[in-house]
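Asker: Everything below, folded, please.
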Amino acid sequence: MTFLRKKRVFALLLVCFIVVLFMNSSFIGRKLYPIYFEQEIRQSAAKHHIDPFLIAAIIRVETNYKHHLESKKGALGLMQLMPDTADWIVESTKLEPHAQKDLLEVDVNINLGSWYLSWLQKHYNGNLVYAIAAYNAGQGNVNKWKQNDIWDGTQANINQIPFGETRHYVQRVLYYYEKYTNLYSERWGALPNQNKEALD
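Answerer: Numbers count the residues shown, from 1 in each chain. Have a look, this model is predicted:
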């Protein structure tokens, strides 16, 4: 086989490989939008009755799966929990007590963060967008926006959120939530999007 012919065969095989990859766009999508700590996310999602893809989206935006991070304000771990919030969660539930250093442990952080996210969604009567905003800006701020008709808690009116950081945060979480749902639902056993109605 001549060098030129070998080159053509290689080019043809390369084109075929690329076509196969693009036909399976979910494969490429999962490479671009990976989910790490799948077992811990799924366990906590089932335990606290919350969509696992929402947990994954919060983690992606908070830390991009870097479990050892501590913010300038003192928030710790994958889901960036403040120690005071973690203490309140433990006091409010039957979850295991913890030391502050435990918040850097993946399973502990995801468990507490998932419970808190689930609690926020219930607190806002199933309104997922309010819950995401409160995870970032705090319940006090979101309650004030709600009570004073500053923001109605809809996805369509995210631009009404007074804090630019929170506006951007909510938009990013919703973006990754949709991406993860579309890319992983079938692979994770066709899990229903439990919170989709809360976005309408």
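Asker: Check what pLDDT the residue nearest the centre of the chain gets.
Answerer: Centroid-nearest residue in the chain, with CA atoms, centre = their mean: residue 57, separated by 1.6 Å. Each residue has a pLDDT score; the one for residue 57 is 98.
Asker: ok now the one helix or strand it maps to, how far from the chain's centre?
Answerer: Per DSSP states H and E, residue 57 falls inside helix 52-62. Centroid separation for helix 52-62 versus its chain: 1 Å, with CA atoms, centre = their mean, to the nearest Å.
Asker: Same check on stretch 51-58?
Answerer: Relative to its parent chain, stretch 51-58 has a centroid offset of 4 Å by CA atoms, centre = their mean.
Asker: same question, stretch 150-170
Answerer: 17 Å.
Asker: Touching it from outside, list them.
Answerer: 61, 124, 127, 129-130, 132-133, 136-137, 141, 144-146, 171, 174, 199 (CB atoms under 8 Å, 6 or more residues apart in numbering). No exception for glycine: its C-beta is placed from N, CA and C like everyone else's.
Asker: same check, this time on stretch 31-43
Answerer: With CB under 8 Å, 6+ apart, stretch 31-43 has contacts from 52, 55-56, 59-60, 65, 67, 78, 106-107, 110-111, 114, 176, 179-180, 183-184, 188.
Asker: Give me the buried entries from those residues.
Answerer: 52, 55-56, 59-60, 67, 78, 106, 110-111, 114, 176, 179-180, 183-184, 188 (16 or more other CB atoms under 10 Å).
Asker: Can you tell me which of the residues you listed end up in helices?
Answerer: Cross-referencing these against helices under DSSP state H gives 52, 55-56, 59-60, 106, 110-111, 114, 176, 179-180, 183-184.
Asker: ok, and the helix or strand in this structure with the lowest average confidence?
Answerer: For the chain, counting by mean pLDDT, DSSP states H and E, helix 3-23 ranks last in confidence among helices and strands (a mean of 63).
Asker: Past that helix, which element shows up next along the chain?
Answerer: For helix 3-23, the following helix or strand on the C-terminal side (DSSP H and E) is helix 25-32.
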